[in-house]
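Undergrad: Predicted model and sequence below, questions to follow.
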Amino acid sequence: MQLQQDYDVLRDIMEKFHPSLYWYTSKDSMDIYFDQYRKLVTDSMNEQQFGFRVLAPLTTQIRCGHTSFNFSKSWSNLFRGVPLPSFPLYMKVWGDTMIVLSNLNKNDSLIKRGTQITSINGLQSRELSDIMFDYMPTDGFAENVNYIRISNSFPYYHRNIIGLSKQYTIGYLDSTLQERFIKIPYHNPYGDTVRAKKKKDAVKVARKKIPRSERLQYYRSFTADTAHNLAILSVHSFDDGYGLKRFYRKSFKTIRKQKMTNLAIDIRNNGGGRVNNYVKLSKYIRNSPFKVADSAYSITRHFGPYRKYFQRSIINSTAMKFFTKKNTDGNYHFRYWEQHTFKPYSKKLFKGNVYVLIGGPTFSASTLFCNTVQGQENVTLIGEETGGGHHGNNGLMIPYITLPNTKMRVSMPLFRLVQYNHVPKNGRGVIPDITVMPTSTAVRQGIDLKMETVKSIISNRTADTANRQLPSDSRLE
């Protein structure tokens with residue numbers, strides 16, 4: 001059976017190459033999970049079923065945020081841009097709260113933005129999120145990132161995990177905060193007048209090509225709030241291709257020129273990227289020498305007969321051969337990241353107040369940045385727990401494994417990285433110095449509570465400074 005063969009190949013590769021297969025889940029438990037999901041595999045499954053019934057819950061048990069499945073390229077191309085029937089509501093989800101962001105059924109005037117949903121087909125928010133979390137990879141137990149995933153793509157996850165219904169019973173709070181119930185139809189993008197057989201001929205939604213300047217502005221931007229003497233540096237990725245080195249240089253030059261004393265670094269949506277790019281930013285902020293990792297290693301550097309399944313196998317194996325060395329523990333250590341000491345910029349170092357905005361999508365290399373600067377006297381982390389593990393995570397090289405029959409892909413890191421001066425391994429992300437959670441009012445009104453917190457702190461500090469400078473008999477009450 002082809003699907004069973006794919007599954008067996010994946011298990012074999014994970015057991016031989018995954019550096020943290022048993023980091024948070026014991027080998028005995030993983031063996032049970034491997035056997036359990038193997039029994040669910042049948043060749044009557046399509047890719048969606050194999051992915052969400054088998055691969056997603058299996059990879060979630062590893063508790064590695066960089067280990068996840070993706071559909072084959074042919075499957076992805078088949079449905080790219082094609083609107084599919086789905087649950088109709090996009091929602092902001094956190095804890096036991098669900099707030100409607102938009103309704104795909106445009107003719108529904110009752111369930112609109114800002115409505116608080118209490119249940120869907122009898123399942124309350126906490127029950128829904130607990131079910132969905134079983135299909136989403138995390139670093140250890142840092143599951144805050146999953147609330148963001150659900151909030152960004154609630155119809156997608158609800159359709160693929162819970163299943164599609166023609167009608168949903170929705171519990172919601174009315175204007176008097178009384179719970180009401182209503183039945184709403186699923187979202188049918190084709191309309192009632194289009195027959196099902198014509199869906200195959202539906203015109204795909206054309207993807208608009210975004211100019212490079214707009215893409216760069218999205219991934220990294222600099223703005224100045226003169227009222228608060230605040231520079232805002234938004235860095236949504238540490239990947240190459242966004243000119244980050246030049247961007248940092250120009251931004252900090254502007255900060256020095258305008259003599260700005262407050263800096264907000266927004267990495268709430270930064271999923272990581274190149275370690276070098278986080279290091280370059282850290283050198284403008286960190287006021288003492290630092291390293292990237294206490295340990296960074298793979299369990300092997302030779303792919304052998306499995307090379308044909310690994311993306312960029314020749315490049316990765318060559319790099320591992322030249323940049324790693326076998327240690328007494330039997331692992332292959334990337335010594336540069338373990339041993340090299342990075343020094344802060346002496347003249348370019350920012351010495352004012354730094355506010356780092358973090359959240360669930362703060363992941364991988366952006367979590368390394370948090371670890372590098374947290375605890376410094378002039379640095380305050382504000383927001384929510386990061387999705388990236390604080391003790392460490394897996395990465396550096398993250399190739400896809402392409403399964404032989406379905407051509408479905410599973411991303412799998414080759415290195416385990418334990419952070420420099422690491423905290424104990426408890427499975428949590430980086431905890432902010434000041435926690436700021438969403439509120440129903442903020443979601444309804446589109447208020448950025450985390451940035452507003454930064455501005456409030458600056459205003460209070462400014463007032464305190466002015467108050468201290470007044471004569472003792474004229475200080476503000």
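TA: Happy to help now that I have it. Residues are numbered from 1 along each chain as shown.
Undergrad: and Gln178, how many residues sit next to it?
TA: Using other CB atoms under 10 Å as the criterion, Gln178 is surrounded by 8 other residues. Yep, even glycine has a C-beta here, placed from its N, CA and C like the rest.
Undergrad: ugh, wrong one, Met320
TA: If we define neighbours as other CB under 10 Å, then Met320 has 20 of them.
Undergrad: how deep is Arg113 tucked in, by neighbour count?
TA: Residues lying near Arg113 (other CB under 10 Å) number 14.
Undergrad: Oh, that last question was meant for Lys321, not what I typed.
TA: Using other CB under 10 Å, Lys321 has 12 neighbouring residues.
Undergrad: What strand or helix carries it?
TA: Using DSSP states H and E, Lys321 sits within helix 313-323.
Undergrad: Now do the buried residues in that helix.
TA: By 16 or more other CB atoms under 10 Å, the buried positions in helix 313-323 come out as 316-317, 319-320.
Undergrad: quick one: average confidence on that helix?
TA: Mean pLDDT, computed over helix 313-323, is 92.
Undergrad: Grab the longest helix from this structure for me.
TA: helix 449-469 (DSSP state H).
Undergrad: on that earlier part again, now flag whichever of the buried residues of helix 313-323 is closest to Thr118.
TA: When the buried residues of helix 313-323 are compared for distance to Thr118 (CB to CB), Asn316 wins out at 48.6 Å.
Undergrad: how near is that closest one to Phe323?
TA: Asn316 sits 11 Å away from Phe323, going by CB to CB, to the nearest Å.
Undergrad: Tally up the residues packed near Lys257, please.
TA: Using other CB under 10 Å, Lys257 is surrounded by 8 other residues.
Undergrad: circling back to that earlier point, could you name the helices and strands sitting against the longest helix of the chain?
TA: Here helix 449-469 is seen to pack against strand 230-235, strand 262-266, strand 353-358, strand 379-383 when contacts are counted using 3 or more CB pairs under 8 Å, 6 or more residues apart in numbering; DSSP states H and E.
Undergrad: low pLDDT regions in this protein?
TA: Residues of the chain meeting the criterion pLDDT under 70: 191-208, 465-477.
Undergrad: any idea which residue sits dead centre in it?
TA: In the chain, the residue lying closest to the centroid (CA atoms, centre = their mean) is Pro361, at 3.1 Å.
Undergrad: can you give me phi and psi for that residue?
TA: Per-residue torsions, Pro361: phi -70, psi -10 (degrees, to the nearest 10).
Undergrad: Can you give me the buried ones in the strand or helix carrying Phe50?
TA: Using DSSP H and E, Phe50 sits in helix 47-50. The neighbour-count check on helix 47-50 (16+ other CB under 10 Å) flags 47, 50 as buried.
Undergrad: Pull out the CA atoms of that helix and give them to me as CSV.
TA: Below are the C-alpha coordinates for helix 47-50, written out as CSV (Å, rounded to 0.1, in the frame of the first residue of the first chain):
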residue,chain,number,x,y,z
GLU,A,47,-4.0,13.8,0.7
GLN,A,48,-6.2,15.9,2.9
GLN,A,49,-7.2,12.9,4.9
PHE,A,50,-3.7,11.5,5.1
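Undergrad: following that helix, which helix or strand shows up next?
TA: Downstream of helix 47-50, the first helix or strand assigned by DSSP H and E is helix 56-60.
Undergrad: And that following helix, what does it pack against?
TA: In terms of contacts (3+ CB pairs under 8 Å, 6+ apart), helix 56-60 is packed against helix 27-38, strand 68-70.
Undergrad: Redo the ones you listed as JSON lines? Include mean neighbour count and distance to Ile182.
TA: Listed next are the helices and strands packed on helix 56-60 as JSON lines, based on neighbours: other CB atoms under 10 Å; distance: least, CB to CB, whole Å:
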{"stretch": "helix 27-38", "mean neighbour count": "14", "distance to Ile182": "37"}
{"stretch": "strand 68-70", "mean neighbour count": "19", "distance to Ile182": "35"}
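Undergrad: could you dump those to JSON lines with distance to Val82?
TA: Shown next, in JSON lines, are these (distance: least, CB to CB, whole Å):
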{"stretch": "helix 27-38", "distance to Val82": "29"}
{"stretch": "strand 68-70", "distance to Val82": "17"}
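Undergrad: so which of these gets nearest His422?
TA: helix 27-38 (23.1 Å).
Undergrad: and the closest one, what does it pack onto?
TA: Packing contacts for helix 27-38, counted by 3+ CB pairs under 8 Å, 6+ apart, involve helix 2-17, helix 56-60.
Undergrad: So which residues make contact with the longest one?
TA: Helix 2-17 is contacted from outside by 21, 34, 37-38, 41-43, 45, 50, 54-55, 62, 298-300, 303, 306, 309, 401, 403-406, 408, 410, 412, 414, using CB atoms under 8 Å, 6 or more residues apart in numbering.
Undergrad: Give me the subset of these lying in strands.
TA: In this view, the contacts of helix 2-17 that belong to strands under DSSP state E are 298, 401, 410.
Undergrad: Closest to Lys209 out of the residues you listed?
TA: Nearest to Lys209, judged by CB to CB, of these is Val410 at 29.7 Å.
Undergrad: Give me the neighbour count for the closest one.
TA: By the criterion of other CB under 10 Å, Val410 has 22 neighbours.
Undergrad: what's the distance between it and Phe363?
TA: Separation of Val410 from Phe363 (CB to CB) stands at 18 Å.
Undergrad: now swap in Ser72 and tell me
TA: Distance, Ser72 to Phe363, by CB to CB: 25 Å.
Undergrad: Compare the two (neighbour count), which wins?
TA: Using other CB under 10 Å as the criterion, Ser72 and Phe363 rank with Phe363 on top: 27 against 17.
Undergrad: how close does that one sit to Asn287?
TA: From Phe363 across to Asn287, the span is 25 Å (CB to CB).
Undergrad: Also Tyr278?
TA: From Tyr278 to Asn287 the distance is 17 Å (CB to CB).
Undergrad: ok, the two, which is more surrounded?
TA: Higher neighbour count among Tyr278 and Asn287: Tyr278, with 25 against 15, using other CB under 10 Å.
Undergrad: so what's the more buried one up against?
TA: Contacts for Tyr278 (CB under 8 Å, 6+ apart) come out as 238, 365-366, 368-369, 372.
Undergrad: Could you export these as a markdown table, including distance to Ser119, neighbour count and secondary structure?
TA: Converted to a markdown table, the contacts of Tyr278 look like this (distance: CB to CB, whole Å; neighbours: other CB atoms under 10 Å; DSSP: H, G, I helix; E, B strand; the rest coil):
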| residue | distance to Ser119 | neighbour count | secondary structure |
| --- | --- | --- | --- |
| Phe238 | 39 | 27 | strand |
| Ala365 | 39 | 28 | helix |
| Ser366 | 35 | 30 | helix |
| Leu368 | 40 | 26 | helix |
| Phe369 | 39 | 29 | helix |
| Thr372 | 43 | 24 | helix |
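Undergrad: how about these in CSV, adding distance to Lys253?
TA: CSV is the format used below for these (distance: CB to CB, whole Å):
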residue, distance to Lys253
Phe238, 20
Ala365, 24
Ser366, 23
Leu368, 25
Phe369, 21
Thr372, 22
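Undergrad: Can you tell me which of those is nearest Trp337?
TA: Taking CB to CB as the measure, Trp337 lies nearest Leu368 of the contacts of Tyr278, at 9.8 Å.
Undergrad: Would you agree Phe141 falls within a helix?
TA: No. Checked against DSSP: H, G, I helix; E, B strand; the rest coil, Phe141 lies outside a helix; its state is coil.
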